[in-house]
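[1] coords below, sequence missing:
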């Protein structure tokens with residue numbers, strides 16, 4: 001791979017990953033019923049509205065799930081895969097492969113967001129346990145639905161909440177399954193966001 005291809009891969013991959021994460025955070029905000037008046041939420045809403053509002057006119061929500069956000073994330077990821085395939089020199093990626101790869105990459109990105117969100121929350125609980133920082137409050141709201149099922153089963157022991165350990169394990173199991181599916185689909189990690 002030439003120097004220009006590496007630069008293109010870096011820039012397009014980085015910006016594509018960032019915007020895909022913002023789209024997925026918009027979906028996760030709605031799924032968690034997070035505070036949309038939080039300044040960080042407002043940034044995410046403003047960053048995604050130009051593409052999401054027209055799409056919502058065509059694709060309605062279903063059972064409280066923002067289907068338009070999912071479709072936008074998959075479509076955006078699909079386009080980025082096609083562009084990165086050309087930049088890297090693979091040529092035009094077959095449409096079927098790009099669809100499967102965008103689906104697997106999007107799932108992988110969601111798992112990464114939850115994984116890193118939980119790490120931030122664990123560190124924040126040691127450093128600033130009662131912080132009212134808007135960013136930390138939003139992460140807490142997004143991550144809580146992942147840890148809540150474990151809290152119902154495992155009570156706090158001596159004031160220490162060990163449920164994140166089990167949530168980490170569940171996320172890692174899901175990542176192993178997605179990576180195995182990616183291997184079966186002959187996914188090329190360099191052009192699929194979430195696997196780079």
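    Perfect, I can see it now. What you see is a predicted model, and the numbers here were worked out from it, not measured in a lab.
[2] for the rest of this, base every contact and every neighbour count on C-alpha atoms.
    Noted.
[3] have a look at this protein and report its longest helix.
    Selection of the longest helix in the chain by residue count, based on DSSP state H, yields helix 95-127.
[4] would you point out which residue is most central in this structure?
    For the chain, the residue lying nearest the average C-alpha position, counting by CA atoms, centre = their mean, turns out to be residue 110 (3.0 Å).
[5] how many residues are close by the closest residue to that one other than its chain neighbours?
    In space, and not counting its chain neighbours, residue 110 is closest to residue 24: 6.8 Å by CA to CA, 6 or more residues apart in numbering. By the measure other CA atoms under 10 Å, the count of residues near residue 24 is 24.
[6] same check on residue 21?
    Residue 21 is surrounded by 21 other residues when neighbours are defined as other CA under 10 Å.
[7] same for the worst-scoring helix or strand of the chain on mean pLDDT, what does it pack against?
    When the helices and strands of the chain are compared on mean pLDDT, DSSP states H and E, helix 134-153 comes out lowest with a mean of 85. Counting contacts by 3 or more CA pairs under 8 Å, 6 or more residues apart in numbering; DSSP states H and E, the secondary-structure elements packed against helix 134-153 are helix 3-32, helix 39-58, helix 95-127, helix 163-184.
[8] and the angle from the first one to helix 134-153?
    Right, the one you point to is helix 3-32. What separates the directions of helix 3-32 and helix 134-153 is an angle of 60 degrees, with axes from the mean of the first three to the mean of the last three CA atoms, to 10 degrees.
[9] give me the buried positions along helix 3-32.
    Across helix 3-32, burial judged by 16 or more other CA atoms under 10 Å covers 8-9, 12-13, 16-17, 19-30.
[10] how about residue 103, what does it touch?
    Taking CA atoms under 8 Å, 6 or more residues apart in numbering as the contact definition, residue 103 lies against residue 74.
[11] returning to that earlier point: list the buried residues for the longest helix of the chain?
    Buried residues in helix 95-127, defined by neighbour count with 16+ other CA under 10 Å: 97-115, 117-118, 121-122.
[12] pLDDT score assigned to residue 180?
    The predicted structure scores residue 180 at 92 on the pLDDT scale.
[13] repeat that for residue 117.
    Listed pLDDT for residue 117 reads 90.
[14] for residue 64, give me its contacts.
    Neighbouring residues of residue 64 by CA under 8 Å, 6+ apart: residue 31.
[15] kindly recompute the last result at 6 Å.
    The contact partners of residue 64, by CA atoms under 6 Å, 6 or more residues apart in numbering, come to none.
[16] where in the chain is pLDDT low?
    Low-confidence regions of the chain, defined by pLDDT under 70, span residues 158-159, 196.
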